[in-house]
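*Asks:* coords please:
(2 chains)
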Amino acid sequence: MASYHGNTASEPAKMEQIITEFFAKSLRIILESRCPYVSSRNYSSEQVLLSPSPPSSSCSSSSFGLRDKSFNLALRDCPAALDNIDFWWQSNLEPMIVDVILVQRSGNWDPMNYLPKRGFARTFSGKEGYYYNSENDEFGYEIESEKIIERWVLHYESKQSGDHGSGVMGNKRAACTSSHALYNKSTLLLRSLYATVRLLPAYKVFRDLISSAQIRAYNLGHRVSSFVEPFTHREEADMQHFVFSPVDTSCGRLCLSVLYCSSVLDISSEPSTPISPQVIHEYVGSPMAEPHKRFISAPVSQSSPSSPPFGRYHSWNYDIYKVSPSSVNLSPSSTYSESCASMPKQLSHRFPPASLPNHTASETPPVHMKDPNFHEYWPSPTFSPSPSPSPSPSPSPSPPAYIPDSHILKALLRSESAPVGIPISRLSTLPKMPKNQLLPLSPSMGTSGRRVSKTDGCSGLYETGSMVDKLFTSAKDEAGKFSGVKQSSNSSSTKSFSRSPSRFSFQDHFDDSEFSGLFITNDDDLTEPSTRPGSFDQPGGLCPSGRSQDTAVGALICMLKKAPPLRPDISITTNLVQGSKP
Amino acid sequence: MNCEVCQLKELEVEHFEIREVLRCILHTILFHRALGLVRPKDVDLELFEITYVQCGDMELERKIDEKIDQFIDRVEKHPNKKNQICLSFYEVKNKHATWFTNKVERLFWEHWYINLNVMQHPKTPSGKSHHSKLVVDPGVEARGARRAALEASLRDVLFQIIKFVNEKKDHVPSIPNVEGIPFPYEITISRCT
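*Replies:* So this is what the prediction gives:
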C-alpha cells in the first residue's frame, strides 16, 4: 500500500470509480440476459454507452465511450441498464438490488398494445428507479401474478476506520488491494457473473421469450432498487443462494450474490396462451384504410408498420412486433387454421391460405388470393369436372348457390394447393391465365363443351355483355376479383368460383401478359372489404360492401357492355347458363 | 506464487458427447482466464440445454478443437480407459540463454484437470452360438435419464469452475493490456491413474 503514496489522493477516487463502474457493468450483464424487450440481443450494432459522468469522477467523456469495454468485457448496449444506472451515479454506492420478476398474465390479448410500458417510481428508500408497469405488462396483458425468480444483490461494504494495513478478512494481500488489483479482481468477478447468468434457470425463460414466435402466458420484468422487502421464510425456502466471493479492498469489500428459484422452469414450460384469432380490418393497405386503393388482400395486423412480405395478398406481417421479439408474432400456420375456423362467421374478412409464405408475388394468383368471394366459391375437394354432390344443390337457375361454411372452410384450407383443374376437354383456347387460376366448371356449363381455355390461366366461362349483368350481379363477387363465371345453381357439382364475365371480355382483347397484368390490376382496383354470408343468395344483384366497390363494379360492367362479344363458343355456353336459370 | 489445482468432477460421457462437453468446459475456463479484452460469444450446446461463453477468439477455438480431436483419437485408441485433459496456465520465467540451449522455464500457476469417463457401447457377443444374448438397448427413457443426469453434472462442473475462479484470485498474475488470453497456456492429454 505504501507504493502509491505519491498518488494517495487519487487512489480512493479510482477505487470508487471502479466500484461504480462495476455496479453499472453488473447491472448491464444481468438485464441483458433478463429483459426480453430491451435486450441488447435486439440490437445489431454495438453502441457506445453515453451516460452522465458521476459527480465524484473526473473522468472525461472519452472514458465513458470505453464503458462498454470496461473490465475487458465488450458488451453491446443495453438500454434497460442505461435507464436504471443513470440515477445510480449519485447513489454513493448504495446497494443495488435487481429483482427479476416472472409475470404471469391473463386477460384479453391486445395485439395493438405491444409497446413496452415502463414506469418511474420511487422505492422505499426514496431512490428513484425504473420498473416495469405492474398493472399491465409491456404487452397490455393484465397481470395475474408476479413472482420474483431472481434477486441480485450488489453492495459495497466499506470499512469504518482508516485501517490501511490489516485486512478485514485477515488476508494481508487482499487488504492491500490497490486500484489495479481491485480492477483485476472485479474483472474476474464480472466474468463469473456473465457466465452465471446464463446458467441459472431464468435464462431459459428469457431465451424462450425472445426466441419464441408464440405468445407466452408469462413474461419477464425487472425492478432495480436500493431497498426491498426481504423474502419470507417460505419464499426463501424455495430459492437457492449463490454467493460470489467478495472482492476485498483496503476500504471495504465488493459483494455480489443471487437468490434464485430453481423451479421457474415449471412455470415457463406451461403451454402458451391460446390465441383467439382477431381480424384486423384496417391494416396497412387495406381497403378500409386506403379506400382509394382498391384491391383485395388478406388482412394484416393493424399495427403492421411495413408492407406484407409477400405482397399485398398476404395478411400476416412478420414484422408486426419487431420491437419485441417475444411479443405477438402470428404465425400463419398457427393462426390460419383458426382463422379458417372462424371464417364462416367472418366472411367479410379475408384469410390467406396457409401456404401464403411460400407464395411469391409472381406466383400468387391474384384471382385466388385477393377475392374472398373467390374463396367462397372455391370448389370443394370433391369438385371435379364430373358431377358431384353440391353442397347446396339447387336445380333452379337461381343465383349462385351459397356455399356452406364448411365448404368455404375446406376451400380456404385447400386454397394453397393447386386449384382443381379444368378438364382439358372442356377447355377452349382462351387466353392464358396463371395456372392456379384454373377453376372447375359447373357440370352444366361444362356440357357446353368449351368453357375455359385449356391454357393455364383460363378460369371459367366468358360471358358476353348481356349476360354480364346477371352473372356479375348475381355472383356476389363483389370484388370482381376474379373473373370467373358466377356459379349457377345448376353447377351442383362444381361449386367453383365465379368470375366476373367482364374479365373474360378482357381476356378476349388482351394477350396473355396483358391480360394477366390487367387482371391483376383489376383485382387491385376492385375492392371487397367484406362479403356477407348470405350475399350469394340474394338474387338480382351484388351487395357491395361499399360505394367504392359499386363504382368499380359499375365501371367494370360498363366496360364489359362495351366489349365485343366473345367467341361463339362462349355464347353458346352463355345461353346454356341462361337457360338453366329461372 | 503458488500453483492452484482444480480437479473437476468426473463426467461419464458417450463418445458422441465428448466434443460438446469438452468444448463447454474448456471454453468456460478460458473465458475466465482470458482477462484481456474479449467480445464474449454465447454458444448453445446442441445436446444439452446449456449456454456457455466463448472468448470470441477464432484462433483459440481452433486450438481447442484440435486438442479435442486429439483426445477423441486417444479415446478411440485406448477404449475403456479414463482419460484426462489438463489445461494449465503458466508464466515464462528465467529465459536461460546458453551456448547450447535457449531454455525457457515455465512457471505454472494453475492446473485444471478435466476427467472424462467415456462409456463404451456394449458390443454384441461375436459368438456363433445361438444361445448368446443380445445386448438390449437401454431404451429411450434410460437414455433420456442419463442425458439429464449428464446435463446436471455438466452444469455442476461449470459452477465448480465459477466458484473456483471466484475463490482463488490472488494467484492470478497481473493482467497485461492485451486482447484475448494474456496468459500462455497449454492443454495436455493424459490417462487417469
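*Asks:* CA atoms for contacts and neighbours, from now on please.
*Replies:* Will do.
*Asks:* can you report how many residues neighbour residue B:90?
*Replies:* 19 (other C-alpha atoms under 10 Å in any protein chain shown).
*Asks:* against which helices or strands is the host helix or strand of it packed?
*Replies:* Under the criterion of DSSP states H and E, residue B:90 resides in strand B:82-97. In terms of contacts (3 or more C-alpha pairs under 8 Å, 6 or more residues apart in numbering or on different chains; DSSP states H and E), strand B:82-97 is packed against strand B:102-119, strand B:185-191.
*Asks:* spatially, what comes nearest to residue A:259 if we skip its sequence neighbours?
*Replies:* residue A:241 (4.6 Å; C-alpha to C-alpha, 6 or more residues apart in numbering or on different chains).
*Asks:* how close does the one you found get to residue A:262?
*Replies:* Residue A:241 is 10 Å from residue A:262, where distance means C-alpha to C-alpha, to the nearest Å.
*Asks:* shared neighbours of the two, which are they?
*Replies:* Common contact partners of residue A:241 and residue A:262 (C-alpha atoms under 8 Å, 6 or more residues apart in numbering or on different chains): none.
*Asks:* and the helices in the stretch 101-250 of chain A, which stretches?
*Replies:* A:172-175, A:179-197, A:201-211, A:233-237 (DSSP state H, counting those that start in this stretch).
*Asks:* which strands border the helix or strand of chain B with the lowest mean pLDDT, and is each parallel or antiparallel?
*Replies:* Every helix and strand in chain B was compared by mean pLDDT, DSSP states H and E; the lowest is strand B:82-97, with a mean of 82. Here strand B:82-97 has these sheet partners by DSSP bridges: strand B:102-119 (antiparallel), strand B:185-191 (antiparallel).
*Asks:* ok, back up a step: ok now do the residue nearest to residue A:259, which residues does it touch?
*Replies:* With C-alpha under 8 Å, 6+ apart as the criterion, the residues that contact residue A:241 are A:257-260.
*Asks:* and those residues as TSV, adding neighbour count?
*Replies:* Compiled in TSV, these are given as follows (neighbours: other C-alpha atoms under 10 Å in any protein chain shown):
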residue	neighbour count
A:257	18
A:258	21
A:259	20
A:260	23
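*Asks:* in strands only, show me those residues.
*Replies:* A:257-260 (DSSP state E).
*Asks:* chain B: which of the residues you listed is nearest?
*Replies:* Comparing the ones in strands among the contacts of residue A:241 against chain B with C-alpha to the nearest C-alpha picks out residue A:257 as the nearest, at 12.0 Å.
*Asks:* excluding sequence neighbours, find me the nearest residue to that closest one.
*Replies:* Per C-alpha to C-alpha, 6+ apart, closest to residue A:257 is residue A:243, 4.2 Å.
*Asks:* enumerate the residues of chain B near chain A.
*Replies:* B:28, B:31-32, B:35-40, B:50-53, B:155, B:159, B:162-163, B:165-167, B:169-170, B:174-175 (C-alpha under 8 Å from any C-alpha of the partner chain).
*Asks:* so which of these are in strands?
*Replies:* B:51-53.
*Asks:* can you lay out the residues you listed as TSV showing pLDDT and neighbour count?
*Replies:* As requested, those are exported to TSV (pLDDT from 0 to 100; neighbours: other C-alpha atoms under 10 Å in any protein chain shown):
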residue	pLDDT	neighbour count
B:51	95	22
B:52	95	24
B:53	95	24
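*Asks:* rewinding a little: what's the most buried one of the helices of the stretch 101-250 of chain A?
*Replies:* helix A:179-197 (a mean of 22; mean count of other C-alpha atoms under 10 Å in any protein chain shown).
*Asks:* and that one, C-alpha only, in CSV?
*Replies:* The C-alpha trace of helix A:179-197 is given here as CSV (Å, rounded to 0.1, in the frame of the first residue of the first chain):
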residue,chain,number,x,y,z
SER,A,179,-7.0,0.1,-7.5
HIS,A,180,-5.2,-2.0,-10.1
ALA,A,181,-5.7,-5.2,-8.2
LEU,A,182,-9.3,-4.2,-7.5
TYR,A,183,-9.8,-3.7,-11.2
ASN,A,184,-8.3,-7.2,-12.0
LYS,A,185,-10.4,-8.9,-9.4
SER,A,186,-13.5,-7.1,-10.5
THR,A,187,-12.8,-8.2,-14.0
LEU,A,188,-12.7,-11.8,-12.8
LEU,A,189,-15.9,-11.4,-10.9
LEU,A,190,-17.7,-10.0,-13.9
ARG,A,191,-16.6,-12.9,-16.0
SER,A,192,-18.1,-15.2,-13.5
LEU,A,193,-21.2,-13.1,-13.4
TYR,A,194,-21.5,-13.2,-17.1
ALA,A,195,-21.2,-17.0,-17.2
THR,A,196,-23.5,-17.5,-14.2
VAL,A,197,-26.5,-15.5,-15.5
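*Asks:* for it, the averaged confidence score.
*Replies:* Helix A:179-197 shows a mean pLDDT of 92 in the predicted model.
*Asks:* stretch B:106-119 now?
*Replies:* Stretch B:106-119 shows a mean pLDDT of 91.
*Asks:* gap between stretch B:172-185 and the chain center?
*Replies:* The chain centroid and the centroid of stretch B:172-185 are separated by 20 Å, computed with C-alpha atoms, centre = their mean, to the nearest Å.
*Asks:* cool, and stretch B:162-176?
*Replies:* With C-alpha atoms, centre = their mean, you get 19 Å for stretch B:162-176.
*Asks:* pLDDT below threshold where in the chain?
*Replies:* By default, I'm working from chain A. Residue ranges of chain A with pLDDT under 70: A:1-9, A:37-67, A:79-93, A:106-143, A:160-177, A:213, A:265-278, A:282, A:288-547, A:567-582.
*Asks:* other chain: chain B
*Replies:* B:1, B:94-103, B:121-138, B:192-193.
*Asks:* ok, now with 50
*Replies:* Residue ranges of chain B with pLDDT under 50: B:127-135.
*Asks:* done for today, thanks.
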